[in-house]
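Visitor: Please work out how this folds:
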Amino acid sequence: MRVKPAVLRRFPARAALAAGLVCTLMLSGCAAWRNQTRPAPPVSTDTAAIAADAQKSAAAANAGAQTVQATKLQKFMWIFSPYRPDIQQGNFVSQEMLVQLKEGQTKEQVRFILGSPLLTDMFHADRWDFPFYLARGNGELTTSRVSIFFKEDKVARFEGGNLPTEREYIDRIAGPAKVSTKAKQETRPVEPVKVGGAPVIQ
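Guide: Numbers count the residues shown, from 1 in each chain. A predicted model of the protein is given here:
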């Protein structure tokens, strides 16, 4: 039986492609297996270490608004992914709102300025938390948290700062505002209308 030369020419190309694919899968499997067999770092159960870890995470959360940008590779890969809407959760607290907050204000005044708190705990009734989370469709992630501590139903102290202004937040959501050409043009001052030689105030 005679084999056509076209079939013989295709076979080495297919064999090389299959061998390369098998090698790639084996190497990626080995790398994943190597990462899974690594022992986990030991976790300290000492109460002082747990308290220090909790203080460190609380300080990072209350440091203000933190924004994580997407990498160039992630932005490129999002071209091939389906549409992702912006997801906003929690209470947005702006810098203008935080300026109005003062020590000694009542809970009703705080609720009027910042809105109802998202997190209240019946076991810690003297603390209100206002977390905020914004995940943009392009991969940008913004988080912030403001914690308010009460003593005898008055504001004793509050944590959280370095928050964006309302204008920065709107620019982040909708993009920077475009200035119209009419606003850029200089306007002439309007001269008052004179009746009988005396200016009339309108």
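Visitor: Please identify the helix or strand for S144.
Guide: In this structure, S144 sits in strand 141-151 according to DSSP states H and E.
Visitor: Paired strands for that strand, with orientation please.
Guide: If you go by DSSP bridges, strand 141-151 pairs up with strand 66-68 (antiparallel), strand 124-135 (antiparallel), strand 154-159 (antiparallel).
Visitor: quick one: the helices in this protein?
Guide: Ranges of helices in the chain, per DSSP state H, are 5-36, 47-61, 72-77, 95-100, 107-114, 166-174, 181-184.
Visitor: Give me the contact list for the fourth one.
Guide: Residues from elsewhere that reach helix 95-100 (CB atoms under 8 Å, 6 or more residues apart in numbering): 113-114, 146, 158, 160-161, 163-166. No exception for glycine: its C-beta is placed from N, CA and C like everyone else's.
Visitor: quick revisit: which of the strands paired with strand 141-151 sits closest to F92?
Guide: strand 124-135 (5.3 Å; CB to CB).
Visitor: Could you check the angle that closest one makes with helix 107-114?
Guide: 10 degrees (axes from the mean of the first three to the mean of the last three CA atoms, to 10 degrees).
Visitor: I'd like the mean pLDDT over strand 124-135, please.
Guide: Rounded to a whole number, the mean pLDDT of strand 124-135 is 86.
Visitor: buried sites along that strand?
Guide: By neighbour count on 16 or more other CB atoms under 10 Å, the buried set for strand 124-135 is 128-132, 134-135.
Visitor: on that earlier part again, which single one of the contacts of helix 95-100 is nearest to D86?
Guide: Comparing these against D86 with CB to CB places P164 closest, at 15.2 Å.
Visitor: tally of neighbours for that closest one?
Guide: The local packing of P164 (other CB atoms under 10 Å) involves 19 other residues.
Visitor: My understanding was that it contacts S94; is that so?
Guide: Yes - P164 lies in contact with S94 (CB atoms under 8 Å); the separation is 6.7 Å.
Visitor: Show me which of the contacts of helix 95-100 are buried.
Guide: Among the contacts of helix 95-100, the ones that count as buried by 16+ other CB under 10 Å are 113-114, 146, 158, 160, 163-164.
Visitor: and the residue nearest to K107 when sequence neighbours are not counted, what pLDDT?
Guide: With CB to CB, 6 or more residues apart in numbering as the criterion, K107 has its nearest non-adjacent residue at 5.7 Å, and that residue is D153. Confidence at D153, expressed as pLDDT, is 87.
Visitor: Could you find the closest non-adjacent residue to F132?
Guide: Nearest non-adjacent residue to F132, counting by CB to CB, 6+ apart: G90, 4.2 Å away.
Visitor: Now do the contacts for the one you found.
Guide: Taking CB under 8 Å, 6+ apart, one finds 118, 130-133 in contact with G90.
Visitor: again, only using 6 Å
Guide: Counting by CB atoms under 6 Å, 6 or more residues apart in numbering, G90 touches 118, 131-133.
Visitor: how close does it sit to L163?
Guide: Per CB to CB, to the nearest Å, G90 is found 13 Å from L163.
Visitor: Tell me how many other residues crowd T45.
Guide: Neighbourhood size, T45 [other CB under 10 Å]: 7.
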